[in-house]
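J.: for reference, the sequence and a predicted model appear below.
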Amino acid sequence: MRQKMLLISLAALSVLVLIALLMLAWRMSEARTMASAWKQLQGPASASTELFSRQMVKDLPDAARRYFLFTIAEGTALRQVSEIRMSGEICLGSKADPACRPMQASQILASPHGFIWSVEAGTGIMHIVGSDGMLADRSWTRFWLGGILPVVRAGGDSNHLRASFGRVVAEAAFWAPASLLPGKGVDWVEGNTPNQARAIVRRGSLTQTLDIDIADDGRPLRVLIPRWSNVNPEKEWRLQPFGGTLAEFRSFGGFTLPTRVDGGNHMGTADYFPFFRARVESITFP
(Lines give C-alpha, C1' and ligand atoms only; values in the text may rest on other atoms or scores of the structure.)
Protein backbone atom coordinates (compact mmCIF):
# COMPACT_ATOMS: atom_id res chain seq x y z
CA MET A 1 0.00 0.00 0.00
CA ARG A 2 2.82 2.35 0.94
CA GLN A 3 4.62 1.61 -2.32
CA LYS A 4 1.43 2.30 -4.28
CA MET A 5 0.97 5.68 -2.56
CA LEU A 6 4.60 6.54 -3.29
CA LEU A 7 4.12 5.74 -6.98
CA ILE A 8 0.96 7.88 -7.09
CA SER A 9 2.78 10.76 -5.39
CA LEU A 10 5.70 10.51 -7.82
CA ALA A 11 3.31 10.44 -10.79
CA ALA A 12 1.47 13.51 -9.49
CA LEU A 13 4.76 15.30 -8.90
CA SER A 14 5.92 14.43 -12.43
CA VAL A 15 2.71 15.84 -13.88
CA LEU A 16 3.13 19.07 -11.88
CA VAL A 17 6.75 19.42 -13.01
CA LEU A 18 5.74 18.81 -16.63
CA ILE A 19 2.98 21.44 -16.40
CA ALA A 20 5.43 23.93 -14.85
CA LEU A 21 7.95 23.27 -17.63
CA LEU A 22 5.27 23.72 -20.30
CA MET A 23 4.17 27.01 -18.69
CA LEU A 24 7.79 28.19 -18.56
CA ALA A 25 8.33 27.27 -22.22
CA TRP A 26 5.12 29.14 -23.13
CA ARG A 27 6.26 32.23 -21.27
CA MET A 28 9.74 32.10 -22.85
CA SER A 29 8.15 31.83 -26.28
CA GLU A 30 6.10 34.93 -25.56
CA ALA A 31 9.21 36.74 -24.32
CA ARG A 32 10.97 35.99 -27.63
CA THR A 33 7.94 37.21 -29.57
CA MET A 34 7.89 40.43 -27.51
CA ALA A 35 11.62 40.99 -28.07
CA SER A 36 11.09 40.63 -31.82
CA ALA A 37 8.18 43.10 -31.72
CA TRP A 38 10.30 45.56 -29.71
CA LYS A 39 12.98 45.46 -32.42
CA GLN A 40 10.39 46.09 -35.12
CA LEU A 41 9.07 49.12 -33.22
CA GLN A 42 12.59 50.54 -33.09
CA GLY A 43 12.59 50.59 -36.91
CA PRO A 44 10.88 53.98 -37.37
CA ALA A 45 13.60 55.56 -35.19
CA SER A 46 15.85 55.99 -38.22
CA ALA A 47 13.08 57.19 -40.53
CA SER A 48 13.68 60.92 -40.01
CA THR A 49 16.78 63.05 -39.54
CA GLU A 50 14.87 66.35 -39.58
CA LEU A 51 15.45 68.99 -36.94
CA PHE A 52 12.62 70.83 -35.23
CA SER A 53 11.87 74.36 -36.37
CA ARG A 54 9.21 76.82 -35.23
CA GLN A 55 8.18 77.05 -38.88
CA MET A 56 6.82 73.51 -38.69
CA VAL A 57 4.05 74.58 -36.30
CA LYS A 58 3.48 78.22 -37.22
CA ASP A 59 0.13 77.51 -38.87
CA LEU A 60 -1.31 75.38 -36.06
CA PRO A 61 -4.02 76.58 -33.66
CA ASP A 62 -2.40 78.61 -30.87
CA ALA A 63 -2.67 75.98 -28.10
CA ALA A 64 -1.15 73.25 -30.30
CA ARG A 65 1.65 75.58 -31.40
CA ARG A 66 2.46 76.41 -27.75
CA TYR A 67 2.48 72.70 -26.87
CA PHE A 68 5.13 71.90 -29.47
CA LEU A 69 7.26 74.96 -28.66
CA PHE A 70 7.31 73.88 -25.00
CA THR A 71 7.97 70.19 -25.54
CA ILE A 72 10.53 70.37 -28.41
CA ALA A 73 13.50 72.73 -28.41
CA GLU A 74 14.53 74.46 -31.64
CA GLY A 75 17.02 72.32 -33.54
CA THR A 76 16.13 69.05 -31.78
CA ALA A 77 16.33 65.89 -33.89
CA LEU A 78 12.77 64.67 -34.40
CA ARG A 79 12.99 61.32 -32.66
CA GLN A 80 9.62 59.64 -32.99
CA VAL A 81 10.40 56.53 -30.96
CA SER A 82 10.88 56.73 -27.19
CA GLU A 83 12.06 54.11 -24.71
CA ILE A 84 10.93 54.80 -21.15
CA ARG A 85 11.92 53.23 -17.85
CA MET A 86 9.50 53.85 -15.02
CA SER A 87 8.51 52.82 -11.53
CA GLY A 88 5.43 53.62 -9.48
CA GLU A 89 2.19 51.83 -8.77
CA ILE A 90 -0.38 49.88 -10.72
CA CYS A 91 -3.75 49.53 -9.00
CA LEU A 92 -5.62 46.32 -9.75
CA GLY A 93 -8.75 46.99 -7.71
CA SER A 94 -11.51 49.60 -7.76
CA LYS A 95 -11.86 53.22 -6.73
CA ALA A 96 -13.22 52.07 -3.37
CA ASP A 97 -10.49 49.43 -2.91
CA PRO A 98 -7.53 50.32 -5.19
CA ALA A 99 -5.30 47.32 -4.33
CA CYS A 100 -2.21 49.17 -5.54
CA ARG A 101 1.02 47.28 -6.14
CA PRO A 102 4.56 48.60 -6.69
CA MET A 103 5.65 48.28 -10.30
CA GLN A 104 8.75 48.55 -12.47
CA ALA A 105 8.31 48.79 -16.23
CA SER A 106 10.07 49.39 -19.52
CA GLN A 107 8.22 50.75 -22.52
CA ILE A 108 8.82 51.44 -26.17
CA LEU A 109 6.47 53.93 -27.81
CA ALA A 110 6.40 54.34 -31.58
CA SER A 111 3.21 56.21 -32.47
CA PRO A 112 1.18 55.45 -34.54
CA HIS A 113 2.74 52.01 -35.17
CA GLY A 114 2.45 50.64 -31.66
CA PHE A 115 3.95 50.22 -28.22
CA ILE A 116 5.09 47.60 -25.73
CA TRP A 117 4.78 48.06 -21.96
CA SER A 118 6.71 45.32 -20.14
CA VAL A 119 5.97 45.32 -16.41
CA GLU A 120 6.63 43.58 -13.12
CA ALA A 121 4.23 44.38 -10.28
CA GLY A 122 3.53 43.20 -6.78
CA THR A 123 5.62 41.03 -4.50
CA GLY A 124 5.64 37.52 -3.12
CA ILE A 125 2.87 35.21 -4.27
CA MET A 126 1.17 38.21 -5.93
CA HIS A 127 4.15 38.97 -8.15
CA ILE A 128 2.85 39.60 -11.69
CA VAL A 129 4.87 39.92 -14.89
CA GLY A 130 3.71 40.52 -18.43
CA SER A 131 3.05 43.09 -21.10
CA ASP A 132 0.55 45.21 -22.97
CA GLY A 133 1.39 45.79 -26.59
CA MET A 134 0.42 46.72 -30.11
CA LEU A 135 2.32 46.23 -33.33
CA ALA A 136 0.70 47.16 -36.64
CA ASP A 137 -2.65 45.36 -36.73
CA ARG A 138 -2.30 43.11 -33.71
CA SER A 139 -2.44 43.81 -29.99
CA TRP A 140 -2.26 41.84 -26.76
CA THR A 141 -2.47 41.86 -22.96
CA ARG A 142 -0.60 38.98 -21.29
CA PHE A 143 0.09 38.69 -17.58
CA TRP A 144 1.52 35.83 -15.53
CA LEU A 145 1.23 35.23 -11.79
CA GLY A 146 4.56 34.24 -10.29
CA GLY A 147 6.00 34.08 -13.79
CA ILE A 148 4.41 30.68 -14.54
CA LEU A 149 0.62 30.91 -14.22
CA PRO A 150 -1.24 32.81 -17.01
CA VAL A 151 -3.88 35.03 -15.37
CA VAL A 152 -4.81 37.60 -18.05
CA ARG A 153 -5.01 36.80 -21.77
CA ALA A 154 -6.63 39.34 -24.07
CA GLY A 155 -6.22 40.69 -27.58
CA GLY A 156 -6.35 39.41 -31.10
CA ASP A 157 -9.57 41.23 -32.02
CA SER A 158 -10.65 44.61 -33.39
CA ASN A 159 -11.97 45.89 -30.03
CA HIS A 160 -8.66 45.34 -28.24
CA LEU A 161 -6.70 46.81 -31.17
CA ARG A 162 -8.84 49.95 -31.16
CA ALA A 163 -8.35 50.34 -27.39
CA SER A 164 -4.60 49.84 -27.77
CA PHE A 165 -4.38 52.49 -30.49
CA GLY A 166 -6.02 54.93 -28.06
CA ARG A 167 -3.24 54.28 -25.57
CA VAL A 168 -0.56 54.77 -28.26
CA VAL A 169 -1.94 58.18 -29.19
CA ALA A 170 -2.51 59.37 -25.61
CA GLU A 171 0.98 58.39 -24.47
CA ALA A 172 2.56 59.94 -27.56
CA ALA A 173 1.36 63.26 -26.12
CA PHE A 174 3.26 62.39 -22.90
CA TRP A 175 6.54 61.02 -24.19
CA ALA A 176 6.80 61.20 -28.00
CA PRO A 177 5.59 64.65 -29.14
CA ALA A 178 7.57 64.56 -32.40
CA SER A 179 5.32 61.73 -33.59
CA LEU A 180 2.34 64.11 -33.34
CA LEU A 181 3.73 66.88 -35.53
CA PRO A 182 1.31 67.80 -38.33
CA GLY A 183 1.63 65.64 -41.38
CA LYS A 184 0.52 62.30 -42.69
CA GLY A 185 -2.10 60.90 -40.35
CA VAL A 186 -2.08 63.83 -37.88
CA ASP A 187 -4.34 66.89 -38.08
CA TRP A 188 -4.66 69.65 -35.46
CA VAL A 189 -7.88 71.62 -35.04
CA GLU A 190 -9.22 74.17 -32.58
CA GLY A 191 -10.05 72.74 -29.16
CA ASN A 192 -13.08 73.54 -27.03
CA THR A 193 -11.22 76.32 -25.19
CA PRO A 194 -8.28 78.62 -26.03
CA ASN A 195 -6.05 76.46 -23.83
CA GLN A 196 -6.98 73.12 -25.34
CA ALA A 197 -5.14 71.53 -28.26
CA ARG A 198 -6.99 68.89 -30.27
CA ALA A 199 -5.47 66.38 -32.68
CA ILE A 200 -7.02 63.73 -34.88
CA VAL A 201 -4.64 60.81 -35.46
CA ARG A 202 -5.24 58.15 -38.11
CA ARG A 203 -3.56 54.88 -38.97
CA GLY A 204 -5.23 52.69 -41.56
CA SER A 205 -8.81 52.11 -40.41
CA LEU A 206 -8.08 53.44 -36.89
CA THR A 207 -8.89 57.01 -35.85
CA GLN A 208 -8.33 58.60 -32.44
CA THR A 209 -9.16 62.09 -31.18
CA LEU A 210 -6.79 63.59 -28.60
CA ASP A 211 -7.31 66.65 -26.36
CA ILE A 212 -4.46 68.28 -24.41
CA ASP A 213 -5.05 70.97 -21.78
CA ILE A 214 -2.24 73.50 -22.15
CA ALA A 215 -0.83 76.03 -19.66
CA ASP A 216 -0.03 79.57 -20.78
CA ASP A 217 3.63 78.62 -21.26
CA GLY A 218 2.69 75.61 -23.44
CA ARG A 219 3.16 73.00 -20.71
CA PRO A 220 0.73 70.07 -21.20
CA LEU A 221 -1.28 69.59 -18.02
CA ARG A 222 -3.77 66.89 -18.91
CA VAL A 223 -4.35 64.51 -21.80
CA LEU A 224 -7.85 63.20 -22.50
CA ILE A 225 -9.17 60.83 -25.17
CA PRO A 226 -12.48 59.14 -25.88
CA ARG A 227 -11.14 55.59 -25.58
CA TRP A 228 -12.79 52.43 -26.88
CA SER A 229 -13.03 50.38 -23.69
CA ASN A 230 -15.01 47.76 -21.79
CA VAL A 231 -13.89 48.92 -18.35
CA ASN A 232 -17.39 49.60 -17.07
CA PRO A 233 -19.95 47.72 -14.95
CA GLU A 234 -21.62 46.29 -18.06
CA LYS A 235 -18.28 45.09 -19.55
CA GLU A 236 -19.54 46.61 -22.80
CA TRP A 237 -17.22 47.98 -25.48
CA ARG A 238 -17.94 51.69 -25.94
CA LEU A 239 -16.27 55.10 -26.02
CA GLN A 240 -15.53 56.55 -22.59
CA PRO A 241 -13.13 59.20 -21.24
CA PHE A 242 -9.58 58.09 -20.49
CA GLY A 243 -6.54 60.18 -19.71
CA GLY A 244 -3.80 61.35 -17.42
CA THR A 245 -2.35 64.33 -15.60
CA LEU A 246 1.25 65.36 -16.28
CA ALA A 247 3.80 66.92 -13.91
CA GLU A 248 7.48 67.21 -12.95
CA PHE A 249 8.90 67.97 -16.40
CA ARG A 250 12.53 67.34 -17.29
CA SER A 251 14.64 67.72 -20.41
CA PHE A 252 15.58 64.60 -22.39
CA GLY A 253 17.72 65.26 -25.47
CA GLY A 254 15.89 68.48 -26.40
CA PHE A 255 12.42 67.25 -25.39
CA THR A 256 10.73 68.55 -22.24
CA LEU A 257 8.62 65.66 -20.97
CA PRO A 258 6.67 64.73 -17.83
CA THR A 259 8.21 62.34 -15.32
CA ARG A 260 5.05 62.01 -13.23
CA VAL A 261 1.92 60.69 -14.93
CA ASP A 262 -1.26 59.59 -13.16
CA GLY A 263 -3.99 58.19 -15.38
CA GLY A 264 -7.02 56.02 -15.69
CA ASN A 265 -10.52 55.43 -16.96
CA HIS A 266 -13.52 57.78 -16.75
CA MET A 267 -11.36 60.91 -16.41
CA GLY A 268 -13.45 64.01 -15.78
CA THR A 269 -16.26 62.04 -14.14
CA ALA A 270 -17.07 60.95 -10.58
CA ASP A 271 -15.87 57.45 -11.52
CA TYR A 272 -12.32 58.55 -12.37
CA PHE A 273 -9.78 56.15 -10.86
CA PRO A 274 -6.06 56.77 -11.56
CA PHE A 275 -4.92 53.15 -11.58
CA PHE A 276 -1.67 53.99 -13.42
CA ARG A 277 0.83 56.02 -11.37
CA ALA A 278 4.14 56.27 -13.17
CA ARG A 279 7.36 57.94 -12.11
CA VAL A 280 9.78 58.12 -15.04
CA GLU A 281 13.40 57.20 -14.39
CA SER A 282 14.78 57.66 -17.91
CA ILE A 283 13.71 58.38 -21.48
CA THR A 284 15.99 57.54 -24.39
CA PHE A 285 15.61 57.59 -28.16
CA PRO A 286 16.93 54.56 -30.07
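T.: Yes, it's here.
J.: flag the shaky bits of the chain, pLDDT-wise.
T.: Where the chain drops to pLDDT under 70, the residues are 1-29, 45-48.
J.: how about 80 then?
T.: Across the chain, the ranges flagged by pLDDT under 80 are 1-31, 33-34, 44-49, 92, 124-126, 146-150.
J.: ranges for the strands of it?
T.: Assigned by DSSP state E, the strands in the chain fall at 82-91, 100-110, 114-121, 128-135, 138-145, 149-155, 186-190, 196-203, 206-214, 220-229, 238-252, 255-265, 273-284.
J.: any chance of the ones you listed in CSV, with distance to residue 54 too?
T.: (Glycine included, C-beta is placed from N, CA and C.) CSV is the format used below for the strands of the chain (distance: least, C-beta to C-beta, whole Å):
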stretch, distance to residue 54
strand 82-91, 22
strand 100-110, 25
strand 114-121, 29
strand 128-135, 32
strand 138-145, 36
strand 149-155, 41
strand 186-190, 15
strand 196-203, 16
strand 206-214, 16
strand 220-229, 18
strand 238-252, 18
strand 255-265, 15
strand 273-284, 23
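J.: turn these into JSON lines, including distance to residue 166 and mean neighbour count.
T.: Shown next, in JSON lines, are those (distance: least, C-beta to C-beta, whole Å; neighbours: other C-beta atoms under 10 Å):
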{"stretch": "strand 82-91", "distance to residue 166": "18", "mean neighbour count": "20"}
{"stretch": "strand 100-110", "distance to residue 166": "13", "mean neighbour count": "19"}
{"stretch": "strand 114-121", "distance to residue 166": "11", "mean neighbour count": "22"}
{"stretch": "strand 128-135", "distance to residue 166": "10", "mean neighbour count": "23"}
{"stretch": "strand 138-145", "distance to residue 166": "11", "mean neighbour count": "19"}
{"stretch": "strand 149-155", "distance to residue 166": "14", "mean neighbour count": "13"}
{"stretch": "strand 186-190", "distance to residue 166": "15", "mean neighbour count": "16"}
{"stretch": "strand 196-203", "distance to residue 166": "10", "mean neighbour count": "20"}
{"stretch": "strand 206-214", "distance to residue 166": "5", "mean neighbour count": "21"}
{"stretch": "strand 220-229", "distance to residue 166": "4", "mean neighbour count": "21"}
{"stretch": "strand 238-252", "distance to residue 166": "7", "mean neighbour count": "17"}
{"stretch": "strand 255-265", "distance to residue 166": "11", "mean neighbour count": "21"}
{"stretch": "strand 273-284", "distance to residue 166": "14", "mean neighbour count": "18"}
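J.: out of the ones you listed, which gets nearest to residue 172?
T.: Closest to residue 172 of these, according to C-beta to C-beta: strand 100-110, at 6.6 Å.
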